[in-house]
Structure formats: structure tokens, C-alpha cells
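Asker: need a 3D model of the sequence below.
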Amino acid sequence: MNILVTGANGQLGREMRLIAPDTPFHFIFTDVTEAEGVETTLLDITSPEAVKQLVKANDIRCIVNCAAYTNVDKAESDEAFCRVLNAEAPRNLAEAMKEANGLLIHISTDYVFGGDPYNIPCGEDQQGTPTGAYGRTKLEGEKNILATGCDSVILRTAWLYSEYGKNFVKTMLNLTATKPQLKVVFDQAGTPTYAYDLARAIQTILQDYSAENPTKGYSKAGIYHFSNEGVCSWYDFTKVIAELAGQTECDIQPCHSNEFPSPVKRPAYSVLDKTKIKKTFGIRIPYWTDSLKICIHHLLNA
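Answerer: Got it, this is the predicted structure:
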């Protein structure tokens, strides 16, 4: 089975590159720019023609869409372009898979929630209440995919980090090593997600889809939630990052979100309920601190 991965030089895309040799599939890794040390096929997913041409030329049976506009603050002043990447491009991918009778695996976000005061984990059927441009455009992307009628698995995830690119873990490793004191918000709760664990979940879905070889639609198509297990605030997250790295001299203090003015209101509680994906695909999800320990070990011993 030939699989096209978009955003292949980002956090999740790089993890997809790592798991590829463990599968029987042939992957084509695409992005808008090349990256040193890895082979990349250039593809502009905002062009429907370019997407369909590449899909047809390579007999693509599945697209894993790891590409997105993810700068939450900048999205508020750049919503038009954010919408192109997060809402219109996914529709292009979905239409290409509809024509090819294939599957689109699309990565969405916990930011489709946040407008209501939740206090229990968010389910897949819960109404989206995004509080900013990023969440709005990601929710639009989900709806655009579903409207095409293509077979799709939409995976909402949260607080993604890895050894690659810019992310909260790498930022906090640097700050707790160089600052005598640090304030981190404690009034936003969610669950960190190690991108490698998400890539492994995608691998499981790909294997299931390949085994089913559907001719009348994939029986397990739908919206699913995936993050690591557990819950914490950004403050708790930072404390554990510093402890695992042995950086105990920085005085890390909790603070309220309003102490860090932002153009967008972030979800106060966006813990995702993972019951559906665990039951449907038999996935066992690691606890967030266990996965964080692995990532930090890799970062400190690189």
C-alpha cells in the first residue's frame, strides 16, 4: 500500500519517518520545503491539482495529513492563510482520496473545544466550541473532510511534543536550565502527547485499514481522540520536565493565564476522552510522564 505523508518535516511527520521501516508500506514523504538529511517530495497541498496529480501518479491508497498552521497566537492576525492550510487544504486531500477510493487520516486538535466550562474529558461527539482562529479553522477542516464523503479517520490530539522542531518541552528544557525563576500557567489543563506515540497509533490504523481492504467504505472511519493518558497543567508539565532533566535550581512558580496576555483565549480544560480509539483499535496508550521520560532521555543524549 502506497501512503502519502504531508508535513513530513514537522514533529509528527518526522516520527512517521521513524516508524515507516517497521511497516510493509511504501511511504512518500512530502512538505513545502526540503529538510537536511531526509528525502522530501515537494507538494503544495493548497493546490487541488498538485495533490490529485501526485496521488494518481503514485497510486496512493492513503494520505496521512500532518501539515497544519499551528501558530495559535499569530493565527489571530493571519486567519485567512490559517484557513487555507487548516480548512481548505484538508478538503483538497479528502477530495483526492474520494476519487482514489482511499483513506485520509487527518490530525486535528483539542483546540476545537474550549468555549464551554468543561470538567470531564471531551468526547468525540461533543460540540466544538473553539475560542480562536486556530481552533475555528481546524474545526472547519474537519467539517470539510466529512462533507466530501471520503473515508476518513480524524485524530484530535493535544499538547504535541517530540525531539524535533519547536515545542514546549524543548523550550522549557532551555528556560529551566538558564533562568533562576520561571512562571508557568496552572489554570489550563490538558494532556501532553508524545508525537512518537501518536505515530504508532497511526501505524496501527494503517495496518487495520490495509487488512480490511474495504471496497464499500472503511468500517472504522470516524473521529477519534488520542493523547497520552493522564492530565496536568502547563505548570505541572514544566515541573516534571525540569525534574526529569535534573534541572532543579530554577524556581518554577504557578501563575494565572491573565499574567501572560495573549491575542487568543486558550482552552482552560481540553482533556480528551480516549475510550473510543482504545476500544476500536486495541491501542494501549502510555501515561504522559512515561513517554516524556523517553523523549527527554533522547534529547539529553543526542
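
Asker: buried set for stretch 74-82?
Answerer: Residues of stretch 74-82 classed as buried by neighbour count (16 or more other CB atoms under 10 Å): 74, 75, 79, 82. For every residue, glycine as well, the C-beta is placed using N, CA and C.

Asker: just those residues now: which is nearest residue 301?
Answerer: residue 74 (33.0 Å; CB to CB).

Asker: and that closest one, how far from residue 244?
Answerer: Note on residue 74: its distance to residue 244, by CB to CB, to the nearest Å, is 30 Å.

Asker: any chance of the buried residues of stretch 74-82 in TSV, plus pLDDT and secondary structure?
Answerer: Shown next, in TSV, are those (pLDDT from 0 to 100; DSSP: H, G, I helix; E, B strand; the rest coil):
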residue	pLDDT	secondary structure
74	95	helix
75	95	helix
79	96	helix
82	97	helix
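
Asker: quick check: the farthest pair among those residues?
Answerer: Top of the distance list for the buried residues of stretch 74-82 (CB to CB): 74 and 79, 9.8 Å.

Asker: what segments of the stretch 151-300 of the chain are helices?
Answerer: With DSSP state H, counting those that start in this stretch, the ranges of helices along the stretch 151-300 of the chain come out as 168-178, 195-212, 234-245, 275-281, 288-300.

Asker: the fourth one packs against which elements?
Answerer: So the one you mean is helix 275-281. On a contact count with 3 or more CB pairs under 8 Å, 6 or more residues apart in numbering; DSSP states H and E, helix 275-281 meets helix 195-212, strand 222-225.

Asker: out of the ones you listed, nearest to residue 53?
Answerer: helix 195-212 (23.0 Å).

Asker: which residues does that closest one contact?
Answerer: 1, 3, 11-12, 14-16, 18-19, 22-25, 62, 64, 103, 105, 107, 153, 155, 157, 160-162, 164, 218-220, 226, 228, 277, 281-283, 285-286, 291, 294-295 (CB atoms under 8 Å, 6 or more residues apart in numbering).

Asker: one more time with 7 Å
Answerer: For helix 195-212, contacts defined as CB atoms under 7 Å, 6 or more residues apart in numbering pick out 1, 3, 11-12, 15-16, 18-19, 23, 25, 62, 64, 103, 105, 153, 157, 160-162, 218-220, 226, 228, 277, 281, 283, 285-286, 291.

Asker: show me those residues that map onto strands.
Answerer: 3, 62, 64, 103, 105, 153, 157, 160, 161 (DSSP state E).

Asker: please pick the buried ones from the contacts of helix 195-212.
Answerer: For the contacts of helix 195-212, buried by 16+ other CB under 10 Å: 1, 3, 11-12, 15-16, 62, 64, 103, 105, 153, 157, 160-162, 218, 220, 226, 228, 277, 281, 283, 285-286, 291.

Asker: pipe the helices and strands packed on helix 275-281 into a markdown table and attach mean pLDDT per row.
Answerer: Below are those laid out as a markdown table (pLDDT from 0 to 100):
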| stretch | mean pLDDT |
| --- | --- |
| helix 195-212 | 97 |
| strand 222-225 | 98 |
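
Asker: how about the ones you listed in TSV, adding distance to residue 181 and mean neighbour count?
Answerer: Output for those, formatted as TSV (distance: least, CB to CB, whole Å; neighbours: other CB atoms under 10 Å):
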stretch	distance to residue 181	mean neighbour count
helix 195-212	30	20
strand 222-225	35	22
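
Asker: of all those, which one is nearest residue 133?
Answerer: That would be strand 222-225 among these, by CB to CB, at 21.1 Å.

Asker: who does the closest one touch, helix- and strand-wise?
Answerer: strand 151-157, helix 275-281 (3 or more CB pairs under 7 Å, 6 or more residues apart in numbering; DSSP states H and E).

Asker: most tightly surrounded among these?
Answerer: The highest average neighbour count among those, using mean count of other CB atoms under 10 Å, belongs to strand 151-157 at a mean of 24.

Asker: that one pairs with which strands?
Answerer: strand 103-109 (parallel), strand 222-225 (parallel) (DSSP bridges).

Asker: that one vs helix 195-212, what angle?
Answerer: 160 degrees (axes from the mean of the first three to the mean of the last three CA atoms, to 10 degrees).

Asker: any regions of the stretch 101-250 of the chain where pLDDT drops low?
Answerer: For the stretch 101-250 of the chain, applying pLDDT under 70 flags the ranges 213-214.

Asker: residues contacting residue 94?
Answerer: Contacts of residue 94 (CB under 7 Å, 6+ apart): 104, 144, 145, 148, 150, 152.

Asker: go again with 8 Å.
Answerer: 104, 106, 144, 145, 148, 150, 152 are the contacts of residue 94 under CB under 8 Å, 6+ apart.
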